[in-house]
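Provided below are the primary sequence and the corresponding predicted coordinates.
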Amino acid sequence: MLAGENGAGKSTILKILAGIYHADAGDINIRGEKRKITSPEQSQHAGVAMVFQELTLIDELTVEENIFLHTEPRNRFGLVDRKVLRQNTLAAMDRFGIHLDPGILVSRLPVALKQMTEILKVLVREPEIIILDEPTSALASQEVQRLFTIIENLTSLGKSIVFISHRLEEVFAIGHRVTVLKDGKNVDTQPLQGLDEGGLIRMMIGRSLEGTYPAKTLTPNTETVFTVRGLTSSDGRLNNISFDVKRGEVFGIAGLQGHGQSDLLTTIAGLKAYNTGEMSIQGEPYHASHADEAISKGVALVPSDRKSQGLMLDLSVRHNAAISSLSKRLKGIFIDLPAEKQFVQQTIDMLSIKAPNMDSPVHTLSGGNQQKVVLGKMLALHPKVILFDEPTRGIDVESKLEFYQLMLQLAADGVAVIMNSSDLMEVIGMCDRVLVMYEGRVSGILTKDEMTEETIMRFAMGVASQDTPAGNAS
Amino acid sequence: AEEGYKVALVNYSVGNSWRAQMVAEFEAEAKRLQAEGVISEYFVTNSNDDIAKEISDVEDMITKGVDAIVITAASPTALAPVVEDATAAGIKVVSFDNVVETDQQVATVGIDEKEFGKICADFLVEALGGKGKIVVLNGIAGTATDALRWQGAEEVFANHPEIEILGTANADWDYAKGKAAMESMLSAYPQIDGVWSQGGAMTQGAIDAFIAAGRPLVPMSGEGNNGMIRAWVENRDKGFSSIAPSNPTYTSAEALRVAIKALNGEEVPSNVVMDMEVVTPENVDQYYKPDMPDSYWVLTQLDDEVLADLYK
Amino acid sequence: MFRMRKAGTKASNFKLAQSQMMVYLILIFVLLIAQLASPGYLALNHVAGILRLSSFLGIAAIGQTFAILIGGIDLSIANVITFANVIAAQVMSGSDSNMLAALLWVLLMGAAVGVINALGIRFLKIPPFIMTLGVGTIIRGIFLIYTNGAPKGNAAPLLRAICGQSMMGIVSGIVIIWLILSIAVVIIQKITPYGRQIYAIGINEQASRYSGIPTGRIIFSVYILSAVFAALAGYFLVGYTGTSFLDVGSDYNTTTIAAVVIGGTAITGGKGGYIGTFAGAIMMTVLNDFLTIVNIPTAGRQIAQGFIILALVLVYSRGKKHNQ
Amino acid sequence: MIKKNDNKMHFWQRNSHTVLIFAFLAVLMIIVSLFSDSFFTERNLKNLVLSAFPLLMVALGQTLVLLTGGIDLSLGAIVSLTNVSCVTLMNTESSVGWIPALAAAVLIGVLCGGLNGLIISKGRLAPIIVTLATTTIFEGIALFVMSSPGGRVHSGFRQFFIRGINGYFPLIVSIVVVLLVRMISNQSAYGRHLRSLGGNETAAYSTGIKVDRVKLIAYILAAVLAALAGIYLTARMNSGDATVGKNYSMNAITSSVVGGTAMTGAIGDPLGTVAGVFIVTIINNMLNLLGASSFYQFIYQGGILIAALSLSALRRQK
Ligand SMILES: Nc1ncnc2c1ncn2[C@@H]1O[C@H](COP(=O)(O)OP(=O)(O)OP(=O)(O)O)[C@@H](O)[C@H]1O
Ligand SMILES: Nc1ncnc2c1ncn2[C@@H]1O[C@H](COP(=O)(O)OP(=O)(O)OP(=O)(O)O)[C@@H](O)[C@H]1O
Ligand SMILES: [Mg+2]
Ligand SMILES: [Mg+2]
């Protein structure tokens, strides 16, 4: 297990192992033997394989082609043997219990399934040392369970696993020992037995935290700030969705992968067209056919895939953070640069973003800090409705807590806060009500008292629905 | 044939007014012959400076079953095989302007390009009294016309060692390139006594560069386009003189006439060298048309009506 | 803190910011070499001449800079320039009083071409490279039909004067126009929302849309701008050529791209800007001019030009290393 | 939720553009034949193959390069350079005088492609600007080798190339090359790596693929195919010309893209490129057979190409 705050250097040290970065000093010893690793190739020869925090699949290739990229089975003419490729893929899927359509283009998969593909790609290489950098950040609980089963099998076969996660319960669920990094330095390595969450958090941030979720001080009142009625999309991904968001509440969206939760958010944000349905914000009718229209009407989306949807990776932190709210800081027709710098500095302070400086390209930030830049960009809009799609992906415990507090603050200020998360603990911890989706429909809207992991899953799998109360469905 | 011949003009470029006027001369002649019932149909292709496309253009004309092809070639050698194919298919082929290098065609028609270069060089030698510093403006590097015209000049200059060639530039017969090249050379050489130019629109560019730089005009050779002639006439009293041997635009019409002769079974020489019409200081006024645009080429057989239509 | 070799990070930051300045350093270096090889090269009126020649390329390259910054490219520029040249000469017919009318027609034509390019790129999703190439071909057909291959008309005397050797003392009017346009363009690119949004789109179009940038409209406007600046260059070229020629624009696709890239703008978009292109345009002109003066035959000149361009981009527009 | 593995859908998903573009080609051919009875004659079809051959070679090479996410603008110049070198080095007297010339031409292809590939991969420069620069270099060298068009070609070699096997030799070579290139791009491991570069270079690198080598080979393959075009033109023109290749780079890109290759890389099929090449070639052939005016040809050309390119847009919007 490897733990530490965002930007502690976890990904970096492992990328050195994987041959992506070079170490300036120090040795790598594998099974007692000193190895020189300067390229991904050498790393693979040394038996190391890594699932990167940012996915490394080729969108234009199929699942099976990606899994066996660079290890393609060849026939006697030296060409790729498609039959064997398919057989090997299916065999691997059976063996690891990860079932995907082998022939589908990766670009058509949602993030979670891409993540599973990536994991499979690493597993088929039969590595001795498997590095998993936040593999679960995009996974829902059953998938996480499946991954844990795989990991347990592998460790029992004598393989070594290095696992990074910001979900502490996971660290304890499967880890044996944990190494904590802070600011690129080794804090300590300890066996996990005998350590508790509080202790781990103390190792990571040097002090303790008051629990994982902030206490709610405000009870939602009855005033409705955002309404959706009968939203239906032409591609059938959304079917007659209706709900209200009340002032002061955090409204959750949950469901299994691919049941339309992301579609719902992108549709509201004007990125996808819908057929029928009405929406209103604080009683005013609302409709947007483009994202810029939605934003100008006060609806902001924090997308799930920060790399492709959230950030201009090569641009600076400043340019990224400011891009959505440029019109708020104008001097005539020009950008007010001092005001912009001040604004970005405020954002950096507010979200405690760790960056060399505001003019360094955002790709030099750690994953979690990148996510915070996306948040900051949208918060700057002071939206009336804010939609979060997997907002805490890759954010460390402390920042999460700060972020949750921010969310509550927004809700208290009258912003309609809607959050889609595949982390059920997070949904239960934060949301006042949760809408569970099944096949593009609302299978139920659960209140705080009704929410348990089990009930949410029942609704998500279509076993229960609102007409058959959760309690007595079987 | 009773109902008239089918003929084609295979052309490689319409990128400047010389070529446009050349096509117009062909079409005017073809229409005249059509009215007389000599030809039934005519086609014009353009390969847009593409050698390979011109080869397939000829093939397409063979496929169409034309009786004669007049061709101006993007490459003198590259078109030879397909012209031989056409001849083998019984088509009378006449090449002109940029002629095809093969003996399996009826005839080549054109001016003597080496003579062109020689006339220009002779003029310059005489104007400078056999002594002076000159610069050279060439056409498109690698083309036959460019090579031949320069060859003609080189032979003359070889006999006049006191003519010093300061610099050479390929300005592609293009006005803007000619002007830019001349500007560069003007700044590099404080003394330029004459310009040997291959013509096209380059000379006009060179004249303008001299004027813009405030340098007195020196003798320059050119070719008969109205813009250059205009500059010549307008600067005559400042002592400017020039010469313009020209490749006339009506070579296409001449080539067509030769092809028709061959179709009618008349004997034609295999190399029709047209008389070189030269615009000289003595006759320049009779060629100059003040009300025509600069891009008009003065050596033409088109009547005023057609010309007015072309330059409308 | 453990140390790692970060070939790309701070260094590339530095490189990015510096690459635009680098062009100017190299330009000065090249000019000094030219002066050594050909004394008098840096004489005031020769430099003024180079600036004047650069201004046409420089104006045409404004549009190309925008198109490349947004992650596209415009290969219709060559034919737009020629078409503008043809229209301008014809409408002007040598009279100052028609200059404005000619300008309006030319700009209108540019805008129309830009709209067509943009429609194809945005709605038919045709790659800009191919769409603009195809539209360029069509424009060529249109101006050939329009002129019968035999263009006519002349520049107005005033336009000739503006584009002439020197208007106010030593500097030509066109150079001043170019300078003013350049300053405006640099300001637009660096400190207006429009400029910022162009950079964002050039880096990541999808993320830009998610950030609320009206990507469609901005891409549209960029292709219009690109064609309009090309048209403007074609208009001013009449002042230089006096009359119109059907191949006056033919080299500009290549030379504008070269000027933009030599100027340190990333061909993939989102990085760089017109500050660099400005020097890039001068550099291209100097190269051509210098190679004419040192008097090597075309073959050698081409080879030299190719190697020099390669050397220039090798100095400052290299990409990131994989293992940074 | 696991969807049933549905092979038919995947076939369509991957090949729909190729099918569509062949349909477009067929419609185009039928329309032309309605207006010109000489279109579907053996002579004309043979001519089509003859005229298409060099573009086909260059376009197949361009497709490989495009798949890596790169572009090669210098292929046309390589055609010119190999054409003049091949003619210059040919010994028309000796019966085997063509062998060293052919070998030299291929070697020059390898060198040119190698130069492009090396500068692009090791120099980490954008392919478009590198090949723009090498274009002028290769053109300059070609002019240097042969300053004005000319030279003679070994007649046995020429006869065989153009008329060999009943005149079907070029067709046979085309088919073999198309199959080979398709095998490389669609069935070999190298092809996967090629596409993975175009898809996501960093990802390909972290998977352990030797990115630089894959790129280098792609540019070499493309240049060798361009050399083949140059050699073929030597036979067809019976001479050399330093300007013969200049239109091939752009036409090849157009053909590839019309045939469904994405300029962003990873997506494309050499079979589609074949259709693209024939569409481009038939437009010319058709305008000649229909007797279209020289000026209007530009408009038709541009228009038909944009129509063919719109096909992919229609498909994508579904
Ligand atoms: N290319 C780079 N150049 C300079 N600094 C970098 C670069 N990449 C990462 N860093 C810095 O190195 C530090 C460690 O980053 P790393 O990605 O390893 O963090 P992490 O522990 O994985 O964090 P997270 O949990 O957010 O993923 C961060 O401060 C980051 O800003
Ligand atoms: N197992 C699967 N095999 C193939 N395709 C799938 C599978 N699961 C989902 N898909 C497809 O992936 C596409 C994208 O799904 P999407 O990301 O929109 O899911 P989602 O509704 O956002 O779910 P979530 O919000 O939980 O990620 C959809 O077209 C869906 O049909
Ligand atoms: Mg990380
Ligand atoms: Mg999702």
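That came through, no problem. Residues are numbered from 1 along each chain as shown, chains lettered A, B, ... in the order given. Ligands and ions are numbered 1, 2, ... in the order given.

okay, now residue B:158: neighbour count?
10 (other Cβ atoms under 10 Å in any protein chain shown). Yep, even glycine has a C-beta here, placed from its N, CA and C like the rest.

Please identify the helix or strand for residue 12.
I'll assume chain A. According to DSSP states H and E, residue A:12 maps onto helix A:10-17.

Correction: the question concerned chain D.
helix D:7-35.

Are the following helix or strand past that helix and chain B in contact anywhere?
Scanning forward in sequence from helix D:7-35 by DSSP H and E, the next helix or strand is helix D:42-67. Yes - for helix D:42-67, a contact with chain B is found by Cβ under 8 Å from any Cβ of the partner chain, at D:43-44, D:47, D:50-51, D:54-55.

hang on, the earlier thing: which of the residues in the helix holding residue D:12 are buried?
D:10, D:17-18, D:20-22, D:24-25, D:28-29, D:32-33 (16 or more other Cβ atoms under 10 Å in any protein chain shown).

re the thing from before, give me the mean pLDDT for the helix holding residue A:12.
Average pLDDT, helix A:10-17: 89.

gap between it and the chain center?
From the chain centre to the centre of helix A:10-17 is a distance of 20 Å (Cα atoms, centre = their mean, to the nearest Å).

Let me know whether that helix sits next to ligand 3.
Yes - with Cβ under 5 Å from the ion as the criterion, ligand 3 is reached by helix A:10-17 at residue A:11.

Only alpha carbons, please: show that helix as CSV.
Extracted C-alpha coordinates of helix A:10-17, given in CSV (Å, rounded to 0.1, in the frame of the first residue of the first chain):
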residue,chain,number,x,y,z
LYS,A,10,3.2,8.4,-5.1
SER,A,11,2.6,8.3,-8.8
THR,A,12,6.1,9.7,-9.5
ILE,A,13,8.0,7.1,-7.6
LEU,A,14,6.0,4.3,-9.2
LYS,A,15,6.5,5.8,-12.7
ILE,A,16,10.2,5.6,-12.1
LEU,A,17,9.7,1.9,-11.4
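
name the element residue C:105 belongs to?
helix C:99-122.

Other residues contacting that helix?
The set of residues external to helix C:99-122 that reach it, using Cβ atoms under 8 Å, 6 or more residues apart in numbering or on different chains, is C:72, C:74, C:76, C:80, C:83-84, C:87-88, C:91-92, C:126-128, C:131-132, C:134-135, C:139, C:156, C:158-159, C:216, C:219-220, C:222-232, C:234-235, D:306, D:309.

now swap in stretch A:117-131 and tell me
Counting by Cβ under 8 Å, 6+ apart, A:14, A:17-18, A:30-31, A:44, A:46-52, A:55-57, A:63, A:66-69, A:71, A:88, A:92-93, A:96, A:98, A:100, A:106, A:109, A:132, A:135, A:147, A:150, A:154, A:159-162, D:207 sit against stretch A:117-131.

now do stretch D:230-237
With Cβ under 8 Å, 6+ apart as the criterion, stretch D:230-237 contacts B:51-52, B:55, B:75, B:77-81, D:50, D:53-54, D:57, D:78-83, D:86-87, D:90, D:101-102, D:105-106, D:109, D:153, D:157-158, D:161-162, D:170, D:240, D:244-245.

Contact partners for the residue nearest the centre of chain A?
Ranked by distance to the mean C-alpha position of chain A (Cα atoms, centre = their mean), the top residue is residue A:393 at 3.1 Å. Shown in contact with residue A:393 (Cβ under 8 Å, 6+ apart): A:137-138, A:304, A:306, A:371.

Pull the contacting residues for residue A:252.
Per Cβ under 8 Å, 6+ apart, neighbours of residue A:252: A:418-421, A:427, A:430-431, A:433-435.

so after whichever strand or helix holds it, what's the next helix or strand?
Here residue A:252, judged by DSSP H and E, is contained in strand A:250-255. Next along the chain after strand A:250-255, taking DSSP H and E as the criterion, comes helix A:261-268.

Beyond that next one, next helix or strand please.
Assigned by DSSP H and E, the successor of helix A:261-268 is strand A:276-281.

what inclination does that following strand have with respect to helix A:261-268?
70 degrees (axes from the mean of the first three to the mean of the last three Cα atoms, to 10 degrees).

hmm, the one helix or strand residue C:45 maps to touching chain B?
Using DSSP H and E, residue C:45 sits in helix C:44-69. Yes - looking at helix C:44-69 against chain B by Cβ under 8 Å from any Cβ, the contacts come from C:45-46, C:49, C:53.

from the middle of its chain, how far away would that helix be?
7 Å.

Please look at residue D:129 and residue C:312 and confirm they touch.
No - with contact defined as Cβ atoms under 8 Å, residue D:129 does not count as touching residue C:312 (9.7 Å).

Pull the contacting residues for whichever residue of the stretch 151-300 of chain B sits closest to ligand 3.
Nearest residue of the stretch 151-300 of chain B to ligand 3 (Cβ to the ion) works out as residue B:180 at 55.9 Å. With contacts defined as Cβ under 8 Å, 6+ apart, the neighbours of residue B:180 are B:171, B:205, B:209, C:53, C:288-289, C:292.

Scan these and report the most crowded one.
Busiest of these [other Cβ under 10 Å] is residue B:205, holding 31 neighbours.

separation between the closest residue to ligand 4 within the stretch 201-318 of chain D and ligand 1?
Nearest residue of the stretch 201-318 of chain D to ligand 4: residue D:203, at 20.4 Å (Cβ to the ion). Noted for residue D:203: a distance of 17 Å to ligand 1, by Cβ to the nearest ligand atom, to the nearest Å.

Specify the local secondary structure of the closest residue to that residue other than its chain neighbours.
Distances taken as Cβ to Cβ, 6 or more residues apart in numbering or on different chains place residue A:56 nearest to residue D:203, at 3.6 Å, with adjacent residues excluded. Secondary structure, DSSP: H, G, I helix; E, B strand; the rest coil: residue A:56 is coil.

All set now, cheers.
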